[in-house]
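>>> What would the 3D arrangement of this be:
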Amino acid sequence: MPWWNRPSNRIKKKGEDKLNPAELLSLIIWGGKKGENAIDMSNRLLKKSSFSKISEMSLTKLEKEVGKIGAARIKAMYEIFKLTNWVKRGGFKPTIESAKDVYNYFVDELKDKKKEYFYALLLDSKNRIIKEELISVGTLNSSLVHPREVFKEAIKASANAIVLVHNHPDSDSEPSENDIEVTKRLAKSADILNIKILDHVIIGKDGWDRIKINYD
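As a prediction, this is how the structure comes out:
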C-alpha cells in the first residue's frame with residue numbers, strides 16, 4: 001500500500017472520522033502477517049463479526065484471527081473503553097431510572113444471542129448498578145430459575161433492589177406464560193427478603209417489553 005494511503009497517514013491529514021471501520025481497527029491491530037496486511041485482516045474480521053461481537057471474543061479466539069499482538073491490542077482497546085466510560089460517570093456505575101435504561105444497558109450484549117440468557121441486575125439504594133449476575137442459560141422456566149440463585153448474590157452484594165432481564169432469541173419480546181410465572185414466583189420471594197424486584201425487562205431483536213412487578 002502506498003505510504004500516503006495508509007491509515008496512519010490518512011488520520012493525520014483527514015482526521016479519524018474520515019476513516020472507515022476497517023481502517024480504524026487496522027490502526028489497533030497495526031501489524032499484518034504474510035500475505036495479509038492489517039487492513040485486510042480487519043476487513044476479514046469485521047465481515048465475520050460486529051464490533052460488539054468482537055468485544056465478546058476470548059483472547060484465544062482473537063489470537064487465531066489477528067495474532068497474539070493484535071489480539072492483545074484489541075482486548076486493551078475495549079478495556080480502555082470501559083475505564084473511559086467509568087471516568088466520564090465520575091467513578092460511578094450507571095443509574096437505572098427506567099426499563100429503557102435496562103434495555104440500553106443490555107441490548108448489544110443480548111440481541112444476537114441464540115439462547116435465552118437470564119440476568120439479575122443488582123442495584124444499590126440510589127439505583128446504581130452494583131453488578132450484573134448471569135442466573136441461567138436456556139428457555140426460561142421455574143426449574144431453571146430458582147429464587148436461591150437470584151437472591152444469594154443480591155444478599156452478598158447488599159443489594160437494595162433487583163431488575164430481572166432476559167432475552168428472546170426471536171424478534172418477539174412479548175412476555176410468555178413462563179416469563180410471567182417465573183416473575184411472580186421471584187417477586188414473592190423478594191417480598192419475604194425485603195429486596196424489591198423493580199422490573200422484568202425482556203429484550204428481543206426488534207425492541208423490548210416488560211413485566212411490571214406489583215406488590216400487594
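
>>> okay, which residue is most central for the protein?
Nearest to the mean C-alpha position of the chain, counting by CA atoms, centre = their mean, stands E109 at 3.2 Å.

>>> For this protein, just list every one of the strands.
Counting by DSSP state E, residue ranges of the strands within the chain are 117-123, 129-137, 161-167, 196-204, 207-212.

>>> Now tell me what touches the third one from outside.
In this structure, residues lying in contact with strand 161-167 by CB atoms under 8 Å, 6 or more residues apart in numbering are 96, 102, 106, 110-111, 113, 116-123, 127, 140, 150, 154, 179, 183, 186, 190, 195-204. For every residue, glycine as well, the C-beta is placed using N, CA and C.

>>> again, only this time at 7 Å
The contact list for strand 161-167 (CB atoms under 7 Å, 6 or more residues apart in numbering) reads 96, 102, 106, 110, 113, 116-123, 127, 140, 154, 183, 186, 190, 195-203.

>>> now do the second one
Applying CB under 7 Å, 6+ apart, the set of residues contacting strand 129-137 from outside is 93-94, 96, 115, 117-124, 144-145, 149-150, 153, 157, 159.

>>> go again using 6 Å as the cut-off
93-94, 115, 117-122, 124, 144-145, 149-150, 153, 157, 159 (CB atoms under 6 Å, 6 or more residues apart in numbering).

>>> Return a ChimeraX selection command for the buried portion of those residues.
Here is the ChimeraX command that selects the buried residues among those (16 or more other CB atoms under 10 Å):
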select :93,117,118,119,120,121,122,124,144,145,150,153,159
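
>>> With distance to L83 added, can I get the strands of the chain in JSON lines?
Below are those laid out as JSON lines (distance: least, CB to CB, whole Å):
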{"stretch": "strand 117-123", "distance to L83": "21"}
{"stretch": "strand 129-137", "distance to L83": "16"}
{"stretch": "strand 161-167", "distance to L83": "24"}
{"stretch": "strand 196-204", "distance to L83": "26"}
{"stretch": "strand 207-212", "distance to L83": "28"}
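
>>> Go through the longest helix along the chain and flag the buried ones.
Taking DSSP state H as the criterion, the chain has its longest helix at helix 59-88. The neighbour-count criterion (16+ other CB under 10 Å) identifies 62-63, 65-67, 70-71, 73-75 as the buried residues of helix 59-88.
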